[in-house]
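**Student:** Sequence first, then the predicted structure, then my questions.
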Amino acid sequence: MTGPGTVTEGTRTLTLAGPFALESGAALPELTIAYRTWGRLAADGGNAGLVCHALTGSADLHLWWPALLGPGRTLDPQRDFVVCSNVLGSCYGSSGPLSPLPGGAGHYGPAFPAVSVRDMVRAQAALLDALGVRRLQLVVGGSLGGMQALEWAALYPARVAAVAALAVSGRHSAWCIGLSEAQRQALYADALWQDGAYDPARPPAAGLRAARMVAMCTYRSRASFEQRFGRAATPGGEWEVAGWLRHHGQRLGERFDANSYVTLTRAMDGHDLARGRGPYLPALASIRVPALVVAIDSDVLYPPEEQAELAAGLGRGRLAWLRSPHGHDAFLIEGDQANRLLLDFRRQAASAAGIEGRVH
């Protein structure tokens, strides 16, 4: 990806006539979803697996979570029809702030309407309907992707055999909301943002770089930083950890859209499985789809106790531990370990459903 909104070769888009109603009360005149698929859809439309990406991810599952995709892995294209779509509100081909305004007069930019995690899932459901998918054997995702997986279980229980949510809680905490707001304020402080004019060719990248640096401190752990950097410095006297953070900030500033970052972090802040469904614990208990919650023992963003509460509260929840010093991002860094946990869950869920033959 060479610039904000760059879509990789092989990504397809589907545009559906609107209006597509959003929870905010706004509506999009049409809905565009960018997606990729692997494998073949069975004649009955029932062999699909859906992967939901995290905050700055894309439909390119094979690039950012390759450990899950391939022969003998959690998602095996020889058995599964695997779908990964870019979320509503992002910048890699799906409807979002980079989308043209109706009539073609510029882009939405900061005027793109607020979206929720439930809106994202409803958009995915529309895509799957168009593709002929009738049932999902597994919905899986980490962080924002995990929020989507959980909402699939709540919104469409009859369409989902099992869900797996990694490194996420059942509702965004004050801790997470505060960190998101700090990142947004870094964006708003950017001089280009303050100009008030939205130009995709001149995105407020400096603010986005700063926001990413804040985020990276929460995506890893103290132990991970100490193990990797300690107090090491370059010959020029720069702390190595500072250079690493600037590198990650620079990379995101080059590839992602600042308004999409605001849109998606606000959607994450609104994540609450109990919203509109009653008190928190009874709402969790009402979700009866088999669910694996993968907790990372060093996650400082979604602490293990939150994920343990989620697994215990879900009607058919199961908790598994991903052991790593690397914090929240370990669900991506420790891909092979995540794949083993998910494979074991798929086998157990299939066995419990009496369809062991579909998973080998």
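**Tutor:** Sure thing, it's come through.
**Student:** Could you tell me how many residues sit around residue 10?
**Tutor:** Look at residue 10: counted by other CB atoms under 10 Å, it has 10 neighbours. To be clear about C-beta, it is placed using only N, CA and C from the backbone, and glycine gets the same treatment.
**Student:** Tell me the spatial nearest neighbour of it, not counting adjacent residues.
**Tutor:** Nearest residue to residue 10 in three dimensions, chain neighbours excluded: residue 36, at 6.3 Å (CB to CB, 6 or more residues apart in numbering).
**Student:** Does that neighbour touch residue 14 like I think?
**Tutor:** No. If you go by CB atoms under 8 Å, residue 36 and residue 14 don't touch, sitting 11.6 Å apart.
**Student:** Looking at these two, which is more packed in?
**Tutor:** A count of neighbours by other CB under 10 Å puts residue 36 above the other of residue 36 and residue 14, at 20 against 16.
**Student:** Assign a three-state SS to the more buried one, would you?
**Tutor:** strand (DSSP: H, G, I helix; E, B strand; the rest coil).
**Student:** residues touching it, list them.
**Tutor:** 10, 11, 12, 59, 60, 61, 62, 83, 84, 85 (CB atoms under 8 Å, 6 or more residues apart in numbering).
**Student:** quick one: which of the residues you listed is nearest to residue 147?
**Tutor:** Closest approach to residue 147 among the contacts of residue 36 (CB to CB): residue 85, at 14.8 Å.
**Student:** quick one: contacts for that closest one?
**Tutor:** 33, 34, 35, 36, 50, 59, 94, 123, 124, 127.
**Student:** end to end, how far does stretch 291-304 reach?
**Tutor:** End-to-end distance for stretch 291-304: 16 Å, by CA to CA, to the nearest Å.
**Student:** Next: stretch 226-236.
**Tutor:** Stretch 226-236 has an end-to-end distance of 20 Å (criterion: CA to CA).
**Student:** Residues in contact with that stretch: which ones?
**Tutor:** 239, 240, 241, 243, 244, 325.
**Student:** Could you do stretch 67-78 as well?
**Tutor:** With CB under 8 Å, 6+ apart, stretch 67-78 has contacts from 38-39, 49, 51, 61-62, 82, 138, 140, 335-336, 338-339, 342-343, 346.
**Student:** circling back: dump the contacts of stretch 226-236 into a markdown table; add neighbour count as well.
**Tutor:** Output for those, formatted as a markdown table (neighbours: other CB atoms under 10 Å):
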| residue | neighbour count |
| --- | --- |
| 239 | 14 |
| 240 | 14 |
| 241 | 19 |
| 243 | 14 |
| 244 | 16 |
| 325 | 19 |
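**Student:** Disregarding flanking residues, what is the spatial nearest neighbour of residue 169?
**Tutor:** Using CB to CB, 6+ apart, the closest residue to residue 169 is residue 306 (3.9 Å).
**Student:** right, and residue 173 touches residue 306 too?
**Tutor:** Yes. Residue 173 is in contact with residue 306 according to CB under 8 Å; the separation is 6.9 Å.
**Student:** the more surrounded of the two?
**Tutor:** Counted by other CB under 10 Å, residue 173 and residue 306 do not tie: residue 306 has more neighbours, with 21 against 15.
**Student:** Next, that one: phi, psi?
**Tutor:** Residue 306 has phi and psi values of phi -70, psi -40 when expressed as degrees, to the nearest 10.
**Student:** Can you name the residues that contact it?
**Tutor:** Counted by CB under 8 Å, 6+ apart, residue 306 has contacts 169, 170, 173.
**Student:** same deal with residue 99?
**Tutor:** Per CB under 8 Å, 6+ apart, neighbours of residue 99: 32, 107, 108, 112.
**Student:** Contact partners for residue 14?
**Tutor:** Residue 14 touches 32, 33, 35, 127, 130, counting by CB under 8 Å, 6+ apart.
**Student:** Most neighbours among those residues, which one?
**Tutor:** Highest neighbour count within those, by other CB under 10 Å: residue 33, with 23 neighbours.
**Student:** so how far is residue 11 from that residue?
**Tutor:** The gap separating residue 33 from residue 11 is 10 Å, by CB to CB, to the nearest Å.
**Student:** Now do the shared contacts for the two.
**Tutor:** Common contact partners of residue 33 and residue 11 (CB under 8 Å, 6+ apart): 86, 93.
**Student:** Just name the closest of the contacts of residue 14 to residue 283, please.
**Tutor:** The closest of these, once distances to residue 283 are taken by CB to CB, is residue 127, at 26.4 Å.
**Student:** which residue sits closest to that closest one in space, ignoring its chain neighbours?
**Tutor:** The shortest distance from residue 127 to any non-neighbouring residue, by CB to CB, 6+ apart, is to residue 33 (4.6 Å).
**Student:** Please, where are all the helices along this protein?
**Tutor:** Using DSSP state H, the helices of the chain run over residues 61-64, 117-131, 144-155, 174-188, 191-194, 205-219, 222-228, 240-255, 258-269, 280-285, 304-313, 330-333, 335-352.
**Student:** who's in contact with residue 316?
**Tutor:** With CB under 8 Å, 6+ apart, residue 316 has these contacts: 287, 288, 289, 290, 291.
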